[in-house]
Structures are given as C-alpha cells and as structure tokens.
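1. Sequence first, predicted model second:
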Amino acid sequence: SMASKYNVVFVLGGPGAGKGTQCAKIVQEFGYVHLSAGDLLREERSSDGSEFGELIEKHINDGTIVPVEITCSLIERAMKASGKDNFLIDGFPRNQNNLEGWESVMGDKVNLKFVLFFSCSLEVCSERCLARGAAGSGRSDDNLETLKKRFNTYMTATMPIIEHYEKLNLVKKIDASADPEKIFEEVKKLFQS
Ligand code: UP5
Ligand code: MG
C-alpha cells in the first residue's frame, strides 16, 4: 500500500543553486531526512577500502555523472539506515541513466511527491561556488575549470530530466537568486500545502 512507501522529494538545480542550504532549512522546519547524492558520493570516495573511490573522484573532478548503480545503492542504504519515511533527495536524478536506474530499483518502493527545482542563472551559481571554494570548502570541483564542466552536464543531461518531470506536472520551480531566507519563504509554502 501507499502507506508503506517512502515519500520522496527530489531537489534539483544547477551547481551552487542552493539545494543543500534550502534542504537544511526544510529538515529543521518539516522533519525530512536530507540525503545529498553528492555528499554520499564524497563520503564513499573517502571511505577506507571503497572499490569505487577512484571512479567517483574522476567523475566529480570532470563534472560528469557517476553510474547509477553506485549512487542508487548509496541512497537506498541511507534511506534504510535512517529508519524514516520522508526524504529530500538532493542532486539526483541528474541524467537519463540515473532516472532509469532509480525507476527500476526504487520505482515501486517510493511515492514521488514532487520535484523541487531551484532555478538560478549560471552567473549567480558560479559566483557562489567560486566564493565557497575561495573560502576553503575543500571541494575539488569548486574551481572555474570544473565548474564549466558541471554546468555543461547540468544543461545537457539534467535539464532534460527536469523537463521529463515537468511533463508529468511534478515540478515546483523556485527562483533561487534571492537571499536564503527569502527563498525559504517560498519553499515553505510548498511543504505546507
Ligand atoms: N548559498 C546558498 N544559497 C545562497 C543564496 N540564496 N544566496 C547567496 N549564497 C547562497 O550553496 C552553494 C554556496 O552558495 C554555499 O557557499 C552557500 O552558502 C551559498 P549550496 O547550498 O551548497 O548549493 P548546492 O546547490 O547544494 O550546490 P552544490 O555545489 O552542492 O551543487 P552540485 O549539484 O554541483 O553538487 P553535488 O554535490 O550535488 O554534486 C557534485 C558532483 O557529484 C557532480 O558534479 C557529479 O560529478 C557528482 N554526482 C553524481 O555523479 N551523481 C549524483 O547523483 C550526484 C552528484
Ligand atoms: Mg549540495
């Protein structure tokens, strides 16, 4: 039955659009579990004896997308380990491979509530990522060269996924160029309704 399914909100948007920042606020106010696919991959990359460390490292530094088998199993494992039912899945699915892999493994176990899409110009997004890099984020992809690649992947691989969900009427789009508090006022309305 529906009651036994996981509730999921996918959170998408360009690199630096503010997905993680807004997810943290949603967690505080609405008690979801926040799972960032990027964070899970970075954790897996640095975990002792991971057989995928080098592969993940290469994809992150090239701004390309890790094969879905890896990402999906990290997400599913974290969902199970949480013991909870309501999830924000941040930064996934990012391409057709992600979408298909997720559908085939998780499609029957999940109720997709909606897709929260943070829309933000390339200029604003890259300013944020570069500022974060300059402030010492330690993220190996917060540099101009990798950012160009992350944007290219976002435009060519991720936008079609957002368009796919738009056709299903599942996308809730938010202008992510304002300050975080102002954006969250809009986000709140979506979770209250
Ligand atoms: N900031 C946030 N909101 C702001 C605002 N409103 N005004 C001003 N500043 C704001 O924010 C980024 C920075 O901007 C922070 O310094 C923040 O304080 C400030 P953040 O909330 O971190 O934005 P977010 O959208 O989460 O940016 P992030 O860099 O995490 O986005 P990406 O989508 O690029 O990164 P992610 O971690 O999801 O993925 C990284 C890589 O992992 C990918 O490129 C890919 O190689 C790999 N990956 C996969 O292969 N598969 C996946 O499924 C997921 C990732
Ligand atoms: Mg993030």
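-> Sure thing, it's come through. Ligands and ions are numbered 1, 2, ... in the order given.

2. For ligand 2, what's the nearest residue on this protein?
-> Nearest residue of the chain to ligand 2 (CB to the ion) works out as residue 20 at 3.5 Å. For glycine as for every other residue, the C-beta is placed from the backbone atoms N, C-alpha and C.

3. buried residues in the helix or strand hosting that residue?
-> Per DSSP states H and E, residue 20 falls inside helix 19-30. Residues 19-20, 22-23, 25-26 are the ones in helix 19-30 that count as buried (16 or more other CB atoms under 10 Å).

4. follow-up on the earlier one: who are the neighbours in contact with the residue of the chain closest to ligand 2?
-> Residue 20 is in contact with 34, 36, 39, 90, counting by CB atoms under 8 Å, 6 or more residues apart in numbering.

5. Name only those of these that count as buried.
-> 34, 36, 90.

6. distance between the lengthiest strand in the chain and the chain's centre?
-> Looking across the chain with DSSP state E, the single longest strand is strand 110-119. Remark: strand 110-119 is offset 10 Å from the chain centroid, using CA atoms, centre = their mean, to the nearest Å.

7. What pairs with that strand, parallel or antiparallel?
-> Strand partners for strand 110-119, identified by DSSP bridges, are recorded as strand 6-13 (parallel), strand 171-175 (parallel).
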